[in-house]
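Peer 1: I'd like to go over a predicted model; first the sequence, then the structure.
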Amino acid sequence: MAEYLLSMSAFVLLMVALGLVRVARGPGYADRMMAAQLLGSGAIGVLLLFGAATGETAVVDVALTLALLAAFASIAFVQYVPTLDSTPPDAEPGPANTPGEGRP
Amino acid sequence: MTAVVSVGIVLLLVVLGLWTVVARAAFLAIAGFVAYGLLLALVWVRLAGVDVALTEAAIGGGLTGALLIGAASRLRGTEARCEAERCAPATRGLALLLSALVSIGLMVCVLLLPDPPPTLAPEVAQAMPATAVGNPITSVLLAFRALDTLLEAIVLVIALIGVWSMSPDKAWGGRPGSPQAVDPNGTLAYFARLLPPIGLVIGVYVFWAGADHPGGKFQGATMLAAMWMLMQMAGLADAPPVGHRGWRAAIAAGPLAFIAVGLLGVFTAGGFLAYPEGWAKPLIVVVEVALMPTLVLVLGLLLAGPAAREAHR
Amino acid sequence: MNWLLDVFSAIAVAGGAFFYLAGTVGLLRFPDAYTRLHALAKADNLGLALIVLGLLPQVGSVLAGLKLVLIWLLVLLSGAAVSQLIARAARRRERQP
């Protein structure tokens, strides 16, 4: 069972590594911002499987910390991108906020 | 199979590190660096350093990204010029040579370590029951090397003073950062209302579990500081004014309590920061509880930055 | 009885790994940022859920099992909020000239 869980964690790690290719290539900011999110949930999966495989119960606390703070870096990225223009970070991209667009 | 996982993590780390160094835009480098920090937490777990993995996950996964993004947004004006700079090939060659030499030197040192490596772990294991604390890291940090922990706390406060000293003269004493224009009914505000209570419980749990399991005040304080920063980013709380005496007193209270416990040790146990017989655990708890608010405030204020708005009367 | 739980764990963890695979394939092959976000969310929600479900019989106590479920709920919550924010940021960048 432990060997099986370890091989599953290696598989999830491989998936995360492949996902990072998109982060490196992806045109546009959104693809890069997915880095923190992808790595966060991937690392949590790897940590949980690893903890169960080795029997070390404290590893679940590391996964808990990551789960809590995974969103934090992504939110900081999202706050940064709009400093390149003038609209506030959380505003709806609707007609009130984008100038000069003809809408039905 | 564990070897495969380890080799995989190491390869991924090397590739990510190279990408972070090579990326020209600040934003890309920061994304790579945050990813690198998250992977380092996995490395620490592989090396059986779960306490360090907790700290790396808390700081590398959360605070470092926000701190670097804040720095990058302040440097926005110079970024175009930075990206257009090109070094002479000789400079690059020299930098490559020096980096390679340092890396090879480190590898040689690690591979030539005596086997078993010199360590004080057996002595710590023998002396630990006297401190009545189950986690050896906590016993080292707060009993055997308590002086280091005290000095670290003071260094953090000095770093905060350094950050505050960068405020422009007319903003001295005011609040850091500009007020966030965030939709109060939007996703970010909703998230910032929902997560901090959960984060508070988990932060205090990790702090309390540090006595016998991996954890401790630093990891717990990092989580609480991150929750506070989330509330500030969503506009639900505002950064405190830098000149306010109450906040400054709260920050100074932690190291002062620690120093008081140390002086108590001079009179009752024969040395600065020595603990009298049987009083080790209560005194350790007192020190940890006193340092926790200081750490939360200092970490949160370090992220908020120097004062930027004028102080009101 | 024990081997039945082990088989259940093995199947659930394999299912979780499959959804991580699906999420990664989507992330690499979908045409634009919004569809990629959708694929990423599948890995978060379903992949981690099946892994947590598979590990529940393996943990020693009810408290540890509750911790696993709490981790999954936190990832669900932060994934949902962050996907919304990233999608809006991408939409706003798109509308810039």
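Peer 2: That came through, no problem.

Peer 1: please, where are all the helices along the stretch 151-300 of chain B?
Peer 2: B:187-209, B:217-233, B:245-269, B:280-304 (DSSP state H, counting those that start in this stretch).

Peer 1: quick one: which of those helices is nearest chain C?
Peer 2: helix B:187-209 (4.0 Å; CB to the nearest CB). No exception for glycine: its C-beta is placed from N, CA and C like everyone else's.

Peer 1: quick check: mean pLDDT of the closest one?
Peer 2: Mean pLDDT, helix B:187-209: 92.

Peer 1: in contact with the most centrally placed residue in chain C, which residues?
Peer 2: Geometric centre of chain C, nearest residue: C:Asp44, 1.9 Å, by CA atoms, centre = their mean. When contacts are counted by CB atoms under 8 Å, 6 or more residues apart in numbering or on different chains, C:Asp44 touches A:37, A:41, C:23, C:75-76, C:79.

Peer 1: remind me, longest helix of chain A?
Peer 2: helix A:29-54 (DSSP state H).

Peer 1: buried sites along it?
Peer 2: A:29-54 (16 or more other CB atoms under 10 Å in any protein chain shown).

Peer 1: quick check: B:Leu120 vs chain C, distance?
Peer 2: 32 Å (CB to the nearest CB, to the nearest Å).

Peer 1: out of the helices of the stretch 151-300 of chain B, which gets nearest to B:Ile137?
Peer 2: Proximity to B:Ile137, assessed across these by CB to CB, is greatest for helix B:217-233 (10.5 Å).

Peer 1: can you tell me if that closest one touches chain C.
Peer 2: No. Helix B:217-233 does not reach chain C (CB under 8 Å from any CB of the partner chain); its nearest approach is 10.4 Å.

Peer 1: is that helix in proximity to chain A?
Peer 2: Yes. Helix B:217-233 reaches chain A (CB under 8 Å from any CB) through B:219, B:223, B:226, B:229-230, B:233.

Peer 1: quick check: angle from that helix to helix B:280-304?
Peer 2: 30 degrees (axes from the mean of the first three to the mean of the last three CA atoms, to 10 degrees).

Peer 1: now the angle from helix B:217-233 to helix B:245-269?
Peer 2: Going by the same axes, to 10 degrees, helix B:217-233 makes 170 degrees with helix B:245-269.

Peer 1: can you name every helix or strand that helix B:217-233 contacts?
Peer 2: helix A:59-80, helix B:50-58, helix B:187-209, helix B:280-304 (3 or more CB pairs under 8 Å, 6 or more residues apart in numbering or on different chains; DSSP states H and E).

Peer 1: mind listing the helices for chain C?
Peer 2: Going by DSSP H, chain C shows helices at C:2-29, C:33-42, C:48-55, C:62-95.

Peer 1: what's the closest of these to B:Trp279?
Peer 2: Among these, if distance is taken as CB to CB, the winner is helix C:62-95, at 30.9 Å.

Peer 1: quick check: pLDDT value at the most centrally placed residue in chain B.
Peer 2: Centroid-nearest residue in chain B: B:Ile59, 5.0 Å away (criterion: CA atoms, centre = their mean). Looking at B:Ile59, its pLDDT is 90.

Peer 1: swap in A:Ala96?
Peer 2: At A:Ala96, pLDDT is 43.

Peer 1: residue of chain C closest to chain B, please.
Peer 2: Counting by CB to the nearest CB, chain C gets nearest chain B through C:Ala81, at 4.0 Å.

Peer 1: could you report the neighbour count for the residue lying closest to that residue once chain neighbours are set aside?
Peer 2: With sequence-adjacent residues excluded and distances taken as CB to CB, 6 or more residues apart in numbering or on different chains, C:Ala81 is closest to B:Phe191, at 4.0 Å. Using other CB atoms under 10 Å in any protein chain shown, the number of residues around B:Phe191 comes to 23.

Peer 1: got it, and B:Leu150?
Peer 2: Neighbours of B:Leu150 (other CB under 10 Å): 21.

Peer 1: got it, and the one 10 residues further on?
Peer 2: Using other CB under 10 Å, B:Leu160 is surrounded by 20 other residues.

Peer 1: distance check, it against B:Ala225.
Peer 2: Distance of B:Leu160 to B:Ala225, computed by CB to CB, to the nearest Å: 12 Å.

Peer 1: one more: B:Val157?
Peer 2: B:Val157 is 14 Å from B:Ala225, by CB to CB.

Peer 1: A:Gly45 now?
Peer 2: For A:Gly45, the distance to B:Ala225 - CB to CB - is 26 Å.

Peer 1: same question for B:Gly254.
Peer 2: Counting by CB to CB, the gap from B:Gly254 to B:Ala225 is 14 Å.

Peer 1: shared neighbours, those two?
Peer 2: With CB under 8 Å, 6+ apart as the test, B:Gly254 and B:Ala225 both reach B:Leu295.

Peer 1: which of those two has more neighbours?
Peer 2: B:Gly254 (28 against 25).

Peer 1: is it true that the more buried one touches B:Ile154?
Peer 2: No. B:Gly254 is beyond contact range of B:Ile154, at 9.6 Å (criterion: CB atoms under 8 Å).

Peer 1: the stretch 201-313 of chain B against chain A: which residues are in contact?
Peer 2: B:202, B:206, B:209, B:213-215, B:219, B:223, B:226, B:229-230, B:233-234.
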